[in-house]
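In: The amino acid sequence is not available; the structure is as follows:
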């Protein structure tokens, strides 16, 4: 089926085959955001549109107030583009004491940013409506060894998808029920 996301994935493949990288992919994502915003609503939280060893394209529907724990992308760059709503990101650096927050930013509808391969971050949807975006990775994120940090203890471990998703559910449920958590993230 030819959808805005599948057309974007095809353009990303062509870009990489021609020697392009994250910045060129960011431009393609920016060009596609209007079409993604006006397309049919996305039902799945993660819609894997394209997956090869050198490219992963995921349509991301983030439910209201959804949160993730801190994680990395295993040395893979990522382009985050928002079609509807917004995504807040907090970036971290590892130190002898654990993690230090170094920056926060918001990706608004119509914007796209590049996360460097060494980025450590967490994301959330700060709003009461589902946000729709796309994440494009410069390799197969799903088969890469990655790290995650326990949201309670701050302990670093290998990313375990089941535990990660459980933490996402717990953090999102807490944020959904608490205006204080939503405001202070």
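Out: That came through fine. Nothing here was measured: the structure is a model prediction, and the numbers come from that model. Numbering: from 1, shown residues only.
In: partner residues bridging the residue nearest to the spatial centre of the chain?
Out: Nearest to the mean C-alpha position of the chain, by C-alpha atoms, centre = their mean, lies residue 135 at 5.4 Å. According to DSSP bridges, residue 58, residue 80 are recorded as the beta-bridge partners of residue 135.
In: My guess is it contacts residue 60. True?
Out: Yes. Using C-beta atoms under 8 Å, residue 135 is in contact with residue 60, at 5.5 Å. C-betas here are computed from N, CA, C, even on glycine.
In: secondary structure element for the spatially closest residue to residue 111 that is not a sequence neighbour?
Out: For residue 111, ignoring the flanking residues on the chain, the nearest one in space by C-beta to C-beta, 6 or more residues apart in numbering is residue 82 at 5.9 Å. Element membership for residue 82, per DSSP states H and E: strand 78-84.
In: what sits up against that strand?
Out: Outside strand 78-84, the residues within contact range by C-beta atoms under 8 Å, 6 or more residues apart in numbering are 22, 25-26, 29-30, 32-34, 36-37, 87, 89, 107-115, 119, 130-138, 141.
In: one step back: model confidence for the residue nearest to residue 111, exactly?
Out: pLDDT recorded at residue 82 is 97.
In: Could you report the neighbour count for it?
Out: Taking other C-beta atoms under 10 Å as the criterion, the count of residues near residue 82 is 26.
In: any idea how far it is from residue 145?
Out: Separation of residue 82 from residue 145 (C-beta to C-beta, to the nearest Å) stands at 28 Å.
In: any weak-confidence spans in the protein?
Out: In the predicted model of the chain, residues 1, 40-45, 178-185 satisfy pLDDT under 70.
In: need the helices for it, in chain order.
Out: All helices of the chain, identified by DSSP state H, fall at 4-17, 22-38, 161-177, 179-184.
In: Tell me who's in contact with the residue sitting furthest away from the middle of the chain.
Out: No residue in the chain has its C-alpha farther from the mean C-alpha position than residue 96, which lies at 26.6 Å (C-alpha atoms, centre = their mean). Counting by C-beta under 8 Å, 6+ apart, residue 96 makes contact with nothing.
In: ok, so what distance separates it from residue 80?
Out: Distance check for residue 96 against residue 80: by C-beta to C-beta, it reads 29 Å.
In: swap in residue 58?
Out: Relative to residue 80, and taking C-beta to C-beta, residue 58 is found at 10 Å.
In: for residue 23, same thing?
Out: Here the distance between residue 23 and residue 80 works out to 13 Å (C-beta to C-beta).
In: Sounds good, over and out.
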